[in-house]
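Undergrad: Sequence first, then the predicted structure:
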Amino acid sequence: MPSGDEPVPSDASGGIRRAVRAVSHTFRVITTRSPARFAILVFVALILVFTTLLWLPISAVGGEPIEFHDALFTAVSTICVTGLSSVDMTAHWSIFGEVVIFIGVNIGGMGALTLASMLGLIISKRMGLRAKLIAAGDTNPLRAHGGAVSESQAIRLGEVGQLLRTVAFSTLIVEAVVGVLLLPSTVAQAPTWLEGVWNALSYAAMSFTNTGFSLNGGGIDAFADDYWFLSILALSVFIGSLGFPVLLALSRRIRTPRRAHLFRPRTWSLHVKLTLVTSVILVFGGAGAFLLLEYGNPGTFGSMPAGATVFQSFFMSIMTRSGGFSIVDQGELYGSGMLVGAMLMFIGGGSASTAGGIKVTTLAVLALAVWSEARGRTSVQAFGRRIPSDVQRVAVAVLAWGATIVALGTIIIAQITHAPIAEVLFDVISGFGTVGLSTGLTEQLTAPAQMVMAVVIFMGRVGTVTLAAAVAATSRRQLYALPVERPIVG
């Protein structure tokens with residue numbers, strides 16, 4: 001028999017090479033022909049990996065592992081950058097567990113299709129046209145059909161690689177800057193400077209990824225009177241909610257001031273304009289609604305000075321869009337204030353952002369369609385551009401998909417828990433929008449209800465984009481027209 005020092009026979013090495021080529025070919029086929037499906041597989045694999053890590057005794061303080069369903073729920077909430085938790089995040093996790101969660105939210109914050117495209121690029125060493133279409137579909141799912149697209153698309157196919165680099169670099173740069181700005185507050189609050197540095201880094205990651213986890217003792221309540229800390233936190237959440245395509249467009253304007261200045265809106269794409277305008281309207285509109293509805297509520301704003309009330313109304317307006325941090329107990333909101341918060345959570349942030357929801361551009365397109373119909377226009381227009389009908393159909397599909405997920409999740413969890421429907425609806429929308437705010441119901445959910453909520457979170461994070469891409473991808477040119485008949489609507 002050959003000794004261990006002898007070379008491997010040629011037939012064995014050839015078999016290994018063929019096996020490696022077969023595996024490489026399989027990965028290449030998956031990543032270039034169906035990146036959307038690959039994205040879902042990547043997210044499921046990540047959830048399983050992080051469930052295992054969080055289930056280890058080393059992840060918990062005292063070495064006592066949590067129940068498997070709690071580990072699974074926390075992993076889903078981490079990878080889907082949601083922030084809802086079934087355990088006490090400030091007391092349960094060890095340093096190892098906190099590091100696992102920190103890494104998980106940064107991975108999950110990249111987004112399903114973006115992450116899949118990056119991994120596919122690494123594995124297959126190239127990005128095919130189909131992969132570029134789906135990666136660009138993370139910024140605008142209509143790219144998936146491969147047909148003609150207008151100049152108002154958020155990202156051109158040639159810019160997909162630049163977008164992926166923007167995702168990585170903007171995450172590192174923004175979190176580093178935010179961490180430095182938060183450092184004075186966290187060091188002053190922490191018992192040791194090392195713990196203060198870690199708290200600054202974790203809050204930077206949790207805010208930019210719009211996750212909302214608080215890992216330090218006392219959580220965000222420890223900074224209730226620190227308006228510098230809260231302002232930086234809100235700004236980081238807002239930047240993360242704009243979306244990587246918008247950050248790419250703005251950074252490109254900064255790098256080329258001679259050709260197009262940052263503050264010349266005429267040079268922005270339609271996607272950037274709709275995202276920025278709608279986001280600002282929602283921030284101010286939500287703040288005004290909270291201020292008006294909760295000003296006299298002793299459980300929320302009623303006990304605060306006037307200046308603090310105004311600040312907290314803006315803070316809540318930003319956080320309910322997907323940030324997940326809150327000084328105010330959400331369970332103490334009036335029903336009207338809770339409904340406003342649920343509406344903002346359902347809308348969410350920008351496309352291809354770290355935020356969830358149906359996205360602000362979806363809301364903008366639907367609102368413009370309603371306005372055009374009310375004025376009797378035959379087309380939907382905005383900023384001197386016409387929005388085609390296929391974009392409107394995708395917006396309607398995303399809205400219907402989101403409403404269906406929320407409705408089914410609310411019905412099932414309400415039936416399991418028999419909890420007040422308002423609290424169930426608020427937490428389910430928070431899960432769907434990957435926000436992380438809670439009335440306190442989520443921590444009390446039983447294992448079956450937790451699994452239903454986990455599915456809602458997963459579908460909210462991955463499902464809307466995937467559905468939109470699927471709707472666009474199944475669009476086919478029809479060479480004939482059927483007879484027209486108008487049903488009665490309304």
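TA: That came through, no problem. All figures in this text were calculated on a predicted structure; none of them were measured in a lab. Numbers count the residues shown, from 1 in each chain.
Undergrad: make it CA atoms for all contacts and neighbour counts henceforth
TA: OK.
Undergrad: And Gly357, what's its pLDDT?
TA: pLDDT recorded at Gly357 is 88.
Undergrad: What's the separation between it and Leu408?
TA: Gly357 sits 16 Å away from Leu408, going by CA to CA, to the nearest Å.
Undergrad: ok, now Asp225?
TA: As judged by CA to CA, Asp225 and Leu408 stand 39 Å apart.
Undergrad: more crowded one of those two?
TA: Neighbour count, other CA atoms under 10 Å: between Asp225 and Leu408, Leu408 has more, with 14 against 11.
Undergrad: Could you check which helix or strand contains that one?
TA: Per DSSP states H and E, Leu408 falls inside helix 389-417.
Undergrad: now His69
TA: In the assignment (DSSP H and E), His69 maps to helix 68-79.
Undergrad: Which positions within that helix qualify as buried?
TA: Of all the residues in helix 68-79, those buried under the rule 16 or more other CA atoms under 10 Å are 69-79.
Undergrad: Pull that helix out as PDB, backbone CA atoms only.
TA: Output of helix 68-79 as PDB, limited to C-alpha atoms (Å, rounded to 0.1, in the frame of the first residue of the first chain):
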ATOM      1  CA  PHE A  68     -34.300  26.900  20.800                       C
ATOM      2  CA  HIS A  69     -37.300  28.900  19.700                       C
ATOM      3  CA  ASP A  70     -35.900  32.000  21.400                       C
ATOM      4  CA  ALA A  71     -32.600  31.500  19.700                       C
ATOM      5  CA  LEU A  72     -34.300  31.100  16.300                       C
ATOM      6  CA  PHE A  73     -36.500  34.100  16.900                       C
ATOM      7  CA  THR A  74     -33.500  36.300  17.900                       C
ATOM      8  CA  ALA A  75     -31.600  35.000  14.800                       C
ATOM      9  CA  VAL A  76     -34.400  35.900  12.500                       C
ATOM     10  CA  SER A  77     -34.800  39.300  14.100                       C
ATOM     11  CA  THR A  78     -31.000  39.900  13.800                       C
ATOM     12  CA  ILE A  79     -30.500  38.800  10.200                       C
END
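Undergrad: now for it, which elements pack on it?
TA: helix 35-55, helix 95-108, helix 447-458 (3 or more CA pairs under 8 Å, 6 or more residues apart in numbering; DSSP states H and E).
Undergrad: winner for burial among the ones you listed?
TA: Neighbour counts (mean count of other CA atoms under 10 Å) averaged over each of the helices and strands packed on helix 68-79 peak at helix 447-458, with a mean of 22.
Undergrad: And the pLDDT at Thr51?
TA: With respect to pLDDT, Thr51 has a value of 95.
Undergrad: Wait, it touches Leu72, no?
TA: Yes - counting by CA atoms under 8 Å, Leu72 is a contact partner of Thr51 at 4.9 Å.
Undergrad: before we move on, the earlier item: output the helices and strands packed on helix 68-79 in CSV; the columns should cover distance to Arg385.
TA: As requested, the helices and strands packed on helix 68-79 are exported to CSV (distance: least, CA to CA, whole Å):
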stretch, distance to Arg385
helix 35-55, 29
helix 95-108, 34
helix 447-458, 34
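Undergrad: By mean pLDDT, which helix or strand of the chain comes out lowest?
TA: One helix or strand of the chain scores below all others by mean pLDDT, DSSP states H and E: helix 129-137, with a mean of 44.
Undergrad: Following element in sequence after that helix, please.
TA: Downstream of helix 129-137, the first helix or strand assigned by DSSP H and E is helix 160-189.
Undergrad: what angle sits between the helix or strand that comes right after that following helix and helix 68-79?
TA: For helix 160-189, the following helix or strand on the C-terminal side (DSSP H and E) is helix 193-208. Between helix 193-208 and helix 68-79, the angle comes out at 70 degrees (axes from the mean of the first three to the mean of the last three CA atoms, to 10 degrees).
Undergrad: remind me which residues of the stretch 201-350 of the chain are low pLDDT?
TA: By pLDDT under 70, the weakly predicted segments of the stretch 201-350 of the chain are 253-266.
Undergrad: Please enumerate the helices of it.
TA: Taking DSSP state H, counting those that start in this stretch, the helices of the stretch 201-350 of the chain run over residues 227-242, 244-255, 270-294, 306-318, 335-347.
Undergrad: Can you name every helix or strand that the shortest one contacts?
TA: Contacts defined by 3+ CA pairs under 8 Å, 6+ apart place helix 244-255 against helix 160-189, helix 270-294.
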